[in-house]
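Asks: Sharing a model prediction with you, sequence too.
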Amino acid sequence: MAQRQRLIVGNWKMHKTTSEAQAFVKQLAGLLPKSPSAGVTIILAPPFTALSAVADAIKSLPIELSAQDAHWEDLGAFTGEVSVPMLKNAGCRYVIVGHSERRRYFGETDATVNKKVGAALRHGLRPILCVGETWEQRSNGETKQVLSSQLTDALSGIEKDRADDIVVAYEPVWAIGSGRPATAEEALDAHRHIRATAATLWGQEAGGRLPILYGGSVTPDNIGEFLAIREVDGALIGGACLDPAQFAKILAVAHTNS
Ligand code: PGA
């Protein structure tokens, strides 16, 4: 099987004003690999307020833009929300959906995640669908069951020919921001299970095409270990993506590994 594209996504969460975002891109631009590998896609996910400024700043750079969330309706009386057409118009090609922080603090459910995946695909944005178990669920031996049900519910009604348009991120909740990443073995196990679940939904061939990223305490020091796993198609990075030098180090490892 041909090597799949590597995706490295920097999720800024609730960090950086518009001017800080512009300064970040300027610094990062000077640190990008001189001859970047076509096998690596770099994606930045700034907060809504910085999307347009980052879209402008990355115009001549090999960087794509993602939002961190979206509403599933195109427009309407939903105070505080932002729709997929708005994100598309702001320059986004990706949108993160179902991040565990949205599930934990903002009442995101598998049903709303499913509507968001559908909205993103309807408008030509690639959803980056986050799934992952809590520590309690892992301790109870429920990891596989949690991953299957999150994935099956989020992808309900989505046709198999959309497998290339979706990105899944395996993010164990206990690994996020904890400094305690999954081991290579834990990640491999989870990624295999996610792919097997996708194959059950869509068949072996379409399931095999789904890109699956790892996320949770990824750093310049451990990214190489994750990318060495054949089942890992890239990474979703929080804390370590906020500093351009750190993020550039991660990108450099990704480029040498692709
Ligand atoms: P972290 O966050 O890299 O800070 O653990 C990852 C994420 O939440 O996407």
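Replies: Alright, I've got the coordinates. Numbers count the residues shown, from 1 in each chain.
Asks: I'd like the mean pLDDT over the biggest helix by length in the chain, please.
Replies: Criterion DSSP state H: the longest helix present in the chain is helix 184-202. On average, the pLDDT along helix 184-202 is 98.
Asks: How about the residues of the stretch 151-258 of the chain by the ligand?
Replies: With the criterion set to C-beta under 6 Å from any ligand atom, the stretch 151-258 of the chain comes near the ligand through 171, 176-177, 215-218, 236-240. The way it works is simple: take the backbone N, C-alpha and C, and place the C-beta from them, glycine included.
Asks: Which single one of those is nearest to the ligand?
Replies: residue 238 (2.3 Å; C-beta to the nearest ligand atom).
Asks: was I right about the closest one contacting residue 9?
Replies: No. Contact status for residue 238 versus residue 9: not in contact, 9.8 Å apart, counting by C-beta atoms under 8 Å.
Asks: Out of all residues in the protein, which is the farthest from the middle?
Replies: residue 77 (28.1 Å; C-alpha atoms, centre = their mean).
Asks: Now do the SS call for that one.
Replies: Here residue 77 is recorded as coil under DSSP: H, G, I helix; E, B strand; the rest coil.
Asks: Leaving aside the residues adjacent along the chain, what's closest to the residue of the stretch 1-150 of the chain found nearest the ligand?
Replies: Residue nearest to the ligand within the stretch 1-150 of the chain: residue 11 (4.4 Å; C-beta to the nearest ligand atom). Using C-beta to C-beta, 6 or more residues apart in numbering and skipping residues adjacent in sequence, the residue nearest residue 11 is residue 45, 4.7 Å away.
Asks: Which residues are in contact with that neighbour?
Replies: Residue 45 makes contact with 9-12, 65-68, 94, 96 under the criterion C-beta atoms under 8 Å, 6 or more residues apart in numbering.
Asks: just residue 18 next, same as before
Replies: 49-50, 53.
Asks: Could you dump those residues into JSON lines and include pLDDT, distance to the ligand and neighbour count?
Replies: Shown next, in JSON lines, are the contacts of residue 18 (pLDDT from 0 to 100; distance: C-beta to the nearest ligand atom, whole Å; neighbours: other C-beta atoms under 10 Å):
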{"residue": "49", "pLDDT": "98", "distance to the ligand": "19", "neighbour count": "11"}
{"residue": "50", "pLDDT": "98", "distance to the ligand": "17", "neighbour count": "24"}
{"residue": "53", "pLDDT": "98", "distance to the ligand": "22", "neighbour count": "20"}
